[in-house]
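Novice: Requesting a structural model of the entry that follows:
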Amino acid sequence: MTEVVPSSALSEVSLRLLCHDDIDTVKHLCGDWFPIEYPDSWYRDITSNKKFFSLAATYRGAIVGMIVAEIKNRTKIHKEDGDILASSFSVDTQVAYILSLGVVKEFRKHGIDFTEMMRALGYPRHISMENFRTPNFGLVSEVLLWLVKRYEPQTDIPSDIETEQDRVFFIKAIAQFMATKAHIKLNTKKLYQADGYAVKELLKITSVLYNAMKTKGMEGSNVGEEDISKFKFDLGSKIADLKAARQLASEITAKGASLYDLLGKEVELRELRTEAIARPLEINETEKVMRIAIKDLLAQVQKTKDLLNNVASDEANLEAKIEKRKLELERNRKRLQTLQSVRPAFMDEYEKVEEDLQKQYAVYLEKFRNLAYLEQQLEDHHRMEQERFEEAENTLRLMQNKLKEEEKRLLKSGSNDDSDIDIQEDDESDSELEDRRMSKPRTAMEVLMQGRPSKRIVGAMQGGDSDEDMQAAPALLGKCRTRSSRKQEDSEDSEIDMEDDEEDDDDLEDESIALSPAKPSRRIRKPEPLDESDNDF
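Specialist: Take a look at the predicted model:
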């Protein structure tokens with residue numbers, strides 16, 4: 001694939017997982033992309049082992065890109081890598097380590113090959129194309145200076161880029177050096193922009209160095225073909241050694257700084273060393289120093305022996321203490337078993353009290369149930385009394401209303417016959433009516449007061465709000481029937497039956513008014529109708 005692929009063709013690129021049949025194609029592509037020759041076991045692992053996540057980008061059936069990553073749990077990654085991740089990630093988060101990434105030349109865009117080349121060349125800093133989305137002259141100058149040093153370590157180029165004049169001078173010096181030494185023509189204007197266009201100019205330098213490194217690697221592989229065939233590339237172990245390598249790098253930096261300080265004192269130390277070597281040795285003084293050193297050494301040896309002896313004695317003491325503790329533990333266990341097997345003296349009384357408590361509790365439960373039942377019965381009784389009282393009140397009120405209506409009707413019908421009645425008979429009737437009015441309220445009150453036991457009174461203090469009204473209602477009904485029969489007997493001997501009936505109706509009205517003088521009118525449910533008792537017409 002040598003033709004330039006248009007941007008519109010990128011929509012036809014699809015992704016799929018690598019399989020065992022892609023080994024030959026992946027070998028060929030990796031040979032073109034990377035300077036390292038991987039063993040066959042690595043290709044088998046990335047195409048068949050589920051430990052690795054291998055993804056291939058295909059265009060019209062051909063592989064044009066590949067990415068190989070290793071999936072790990074966050075708890076199994078290195079501490080340095082875990083500090084980079086956001087704290088919002090959970091413990092079960094899966095982390096992917098990108099082990100290999102390659103794209104064919106025709107599909108390389110946005111400088112992805114530049115970052116991979118810099119990584120292959122050994123650039124110490126991680127470069128991402130996001131760094132070049134905006135002008136970043138500091139990074140461009142650092143990369144240029146590193147590439148120049150990589151091409152010619154002895155070159156001297158000023159690295160001052162503080163002012164605009166310094167930056168212009170730096171770019172001109174880099175362009176002049178690469179033109180004279182490597183015959184590479186750079187666009188200084190694009191380099192000064194320090195954005196994506198500068199990456200294309202940097203690729204001119206990195207591609208030369210990358211090809212040289214790749215050629216050298218291929219020559220070395222041809223020379224040592226037998227040794228390379230025996231080489232076992234274990235990528236997992238290399239990643240596991242990354243933490244140790246970083247720690248060693250920090251230690252090397254610290255040791256280098258201390259070594260630099262010590263080398264700075266080399267001039268003074270050299271003079272002292274020369275004087276000490278030039279000074280003649282005195283046998284007596286040397287023997288004295290040797291004896292002192294031997295004495296100190298013997299003292300240290302004796303001290304070590306004493307410590308060893310003390311260790312033996314301490315060990316014996318500890319064993320004796322352990323044995324003593326074991327005996328105490330065994331004795332306490334036996335004592336515990338004895339105490340558990342012996343029945344306490346208070347257990348008999350305890351069991352007796354427990355039985356009494358059970359009996360008392362049973363009695364308590366029975367009385368509690370009886371009390372609850374009686375309270376419920378009392379509430380039901382009160383509710384039934386209230387209902388009977390309301391029914392009697394409604395019946396009495398209905399009867400009063402009916403008597404009033406009957407009186408009005410009789411008054412209307414009897415007004416036409418008043419002219420035929422003599423005045424004397426009216427007087428006599430009035431006297432009889434007065435006598436009946438004096439006697440009938442007393443009879444009504446006596447009826448109401450009959451059978452009045454000491455009951456619980458339910459309701460208000462107004463008329464018709466007690467249970468006596470229930471007893472008064474039947475008495476009144478019976479009285480009405482008695483009077484009706486009496487009026488029928490009197491009608492045979494008297495010519496003024498109509499007047500007597502009106503007088504009786506007036507008496508009934510007076511009695512009903514006397515029974516409930518201040519009864520308030522309220523809305524009630526209509527009871528069942530009663531049989532008419534005084535309707536003689």
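
Novice: Please make it C-alpha for all contacts and neighbour counts, starting now.
Specialist: OK.

Novice: helices and strands around the helix or strand harbouring R397, which ones?
Specialist: Here R397 is covered by helix 347-414, with elements defined by DSSP states H and E. Applying 3 or more C-alpha pairs under 8 Å, 6 or more residues apart in numbering; DSSP states H and E, one finds that helix 347-414 contacts helix 468-493, helix 497-515.

Novice: So I157, which state does it fall into?
Specialist: coil (DSSP: H, G, I helix; E, B strand; the rest coil).

Novice: Tell me how far the closest residue to it other than its chain neighbours lies from R119.
Specialist: In this structure, I157 finds its nearest non-sequential neighbour in A173, 7.0 Å apart by C-alpha to C-alpha, 6 or more residues apart in numbering. As for A173, its distance to R119 is 25 Å (criterion: C-alpha to C-alpha, to the nearest Å).

Novice: Equivalent analysis for F170, please.
Specialist: From F170 to R119 the distance is 24 Å (C-alpha to C-alpha).

Novice: Three-state assignment for I67, please.
Specialist: strand.

Novice: wait, L15
Specialist: Per three-state DSSP, L15 ends up strand.

Novice: Comparing F170 and R119, which residue is more hemmed in?
Specialist: F170 (21 against 14; other C-alpha atoms under 10 Å).

Novice: I figured the more buried one was touching P158, is that so?
Specialist: Yes - in this structure F170 lies within contact range of P158 using C-alpha atoms under 8 Å: 6.7 Å.

Novice: So G196 versus K105, what's the distance?
Specialist: From G196 to K105 the distance is 18 Å (C-alpha to C-alpha).

Novice: quick one: low-confidence ranges for the stretch 401-537 of the chain?
Specialist: 416-537 (pLDDT under 70).

Novice: tell me which residues in stretch 34-51 are buried?
Specialist: 34-35, 38-39, 43, 46-48 (16 or more other C-alpha atoms under 10 Å).

Novice: What degree of burial does V301 show, as a neighbour count?
Specialist: So V301, with other C-alpha under 10 Å, has 12 neighbours.

Novice: Next, the contact list for it, please.
Specialist: The contact partners of V301, by C-alpha atoms under 8 Å, 6 or more residues apart in numbering, come to none.

Novice: Please work out the average pLDDT along stretch 356-367.
Specialist: Over the span of stretch 356-367, the pLDDT mean works out to 96.

Novice: again but with stretch 304-323, I slipped
Specialist: If you average the pLDDT values across stretch 304-323, you get 89.

Novice: Export that stretch to CSV, keeping only CA atoms.
Specialist: Output in CSV follows, covering the C-alpha atoms of stretch 304-323 (Å, rounded to 0.1, in the frame of the first residue of the first chain):
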residue,chain,number,x,y,z
THR,A,304,29.5,-11.3,70.7
LYS,A,305,30.1,-14.5,72.5
ASP,A,306,28.6,-13.1,75.7
LEU,A,307,25.5,-12.1,73.7
LEU,A,308,25.3,-15.6,72.3
ASN,A,309,25.5,-17.1,75.7
ASN,A,310,22.9,-14.7,77.0
VAL,A,311,20.7,-15.6,74.1
ALA,A,312,20.9,-19.3,75.2
SER,A,313,20.1,-18.4,78.8
ASP,A,314,17.3,-16.1,77.7
GLU,A,315,15.9,-18.9,75.6
ALA,A,316,16.0,-21.2,78.5
ASN,A,317,14.2,-18.6,80.7
LEU,A,318,11.5,-18.1,78.1
GLU,A,319,11.0,-21.8,77.8
ALA,A,320,10.6,-22.1,81.6
LYS,A,321,8.1,-19.2,81.6
ILE,A,322,6.2,-20.8,78.8
GLU,A,323,6.0,-24.1,80.6
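
Novice: which residues sit against it?
Specialist: Against stretch 304-323 from outside (C-alpha under 8 Å, 6+ apart): no residues.

Novice: which of the residues in that stretch are buried?
Specialist: Under 16+ other C-alpha under 10 Å, stretch 304-323 has no buried positions.

Novice: what do you get for stretch 125-143?
Specialist: Going by 16+ other C-alpha under 10 Å, stretch 125-143 has these buried residues: 127, 132, 135-137, 140-141, 143.

Novice: between those residues, which is closest to D21?
Specialist: When the buried residues of stretch 125-143 are compared for distance to D21 (C-alpha to C-alpha), I127 wins out at 33.7 Å.

Novice: Retrieve the pLDDT associated with the closest one.
Specialist: On the pLDDT scale, I127 gets 79.

Novice: Bridge partners for K72, pull those for me.
Specialist: V95 (DSSP bridges).
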